[in-house]
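1. just coords:
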């Protein structure tokens, strides 16, 4: 990839019903703009190698990390160590977050 | 750190005149909310180990990466491999970006 990326031109991938991602990456990190529609769900899962962190950019949703559930709003951030179960639950509106993975997730390229 | 972080409660560090950061981190990545005032400058530099990527969240600024300069607006993203020189030049307004470092930068904790 070029050093400069226009995220509005990236292709979207649907990773769960109503949940799309747009990804950019280097060798060590992947940025993923995650958009979730109202009441969409990313089911509980974990990844053994990948650290995931991120921040809410627009709208709202609920996140559960390691058994703790929070209502998330813009500016709320999270750090999910490898192996810790997490999920996303949509609310009445849309949500947009930036997820960061290290190392990059090959299946999201 | 907890899995959940309210970025509005984080302390700011000034890394250049008129440029502040608020950081969060795991073992592999650091997120840094970078706010730059009008006409502030982060001088040209590079880091040998750290990959830096990020996305503009609000406002605008100019970035130079590897000798190429672009005017940046919300949604514009960047990936800076280790060793590649880069700098930031403020415009007439404020700017807010999310920088991502891997590994975390110890001096920004």
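-> The structure has been received and is ready for your questions. Quantities reported herein were computed from a predicted structural model and do not represent experimental measurements.
2. check which helix or strand covers the residue nearest the centre of chain A.
-> For chain A, the residue nearest the mean C-alpha position is residue A:99 (3.9 Å; CA atoms, centre = their mean). Assigned by DSSP states H and E, residue A:99 belongs to strand A:86-102.
3. Return the list of helices and strands in contact with that strand.
-> Contact here means 3 or more CB pairs under 8 Å, 6 or more residues apart in numbering or on different chains; DSSP states H and E; on that basis strand A:86-102 packs against strand A:30-36, strand A:41-45, strand A:51-65, strand A:68-72, strand B:86-102. For the C-beta atoms, the positions are set from N, CA and C on the backbone; glycine is no exception.
4. Just the angle for the helix or strand residue A:22 falls within relative to strand A:41-45, thanks.
-> According to DSSP H and E, residue A:22 maps onto strand A:19-25. Inter-element angle recorded for strand A:19-25 and strand A:41-45: 60 degrees (by axes from the mean of the first three to the mean of the last three CA atoms, to 10 degrees).
5. Name the surrounding residues that touch strand A:19-25.
-> A:1, A:5, A:7, A:10-15, A:30-37, A:40-42, A:88, A:99, A:104-105, A:108-109, B:53, B:77, B:79 (CB atoms under 8 Å, 6 or more residues apart in numbering or on different chains).
6. Buried ones among these?
-> By neighbour count, with 16 or more other CB atoms under 10 Å in any protein chain shown, these hold A:5, A:7, A:10, A:30-36, A:40-42, A:88, A:99, A:104-105, B:53, B:77, B:79 as buried.
7. got the residues of chain A near chain B?
-> Residues of chain A lying close to chain B by CB under 8 Å from any CB of the partner chain are A:1, A:3-8, A:24-29, A:31, A:33, A:51, A:53-55, A:57, A:63, A:65-66, A:68, A:70, A:75-81, A:84, A:98, A:100, A:102-103.
8. Could you report the neighbour count for residue A:73?
-> 13 (other CB atoms under 10 Å in any protein chain shown).
9. so what's it closest to, chain neighbours aside?
-> Distances taken as CB to CB, 6 or more residues apart in numbering or on different chains place residue A:60 nearest to residue A:73, at 5.3 Å, with adjacent residues excluded.
10. Do I have it right that that neighbour meets residue A:89?
-> No. If you go by CB atoms under 8 Å, residue A:60 and residue A:89 don't touch, sitting 10.6 Å apart.
11. Next, find the distance separating the closest residue to residue A:28 other than its chain neighbours from residue B:31.
-> If the residues on either side of it in the chain are set aside, residue A:28 comes closest to residue B:102, at 3.9 Å by CB to CB, 6+ apart. Computed as CB to CB, to the nearest Å, the residue B:102 to residue B:31 distance reads 10 Å.
12. try residue A:105
-> In terms of CB to CB, residue A:105 sits 17 Å off from residue B:31.
13. same thing with residue A:11?
-> Relative to residue B:31, and taking CB to CB, residue A:11 is found at 24 Å.
14. Good, we can wrap up now.
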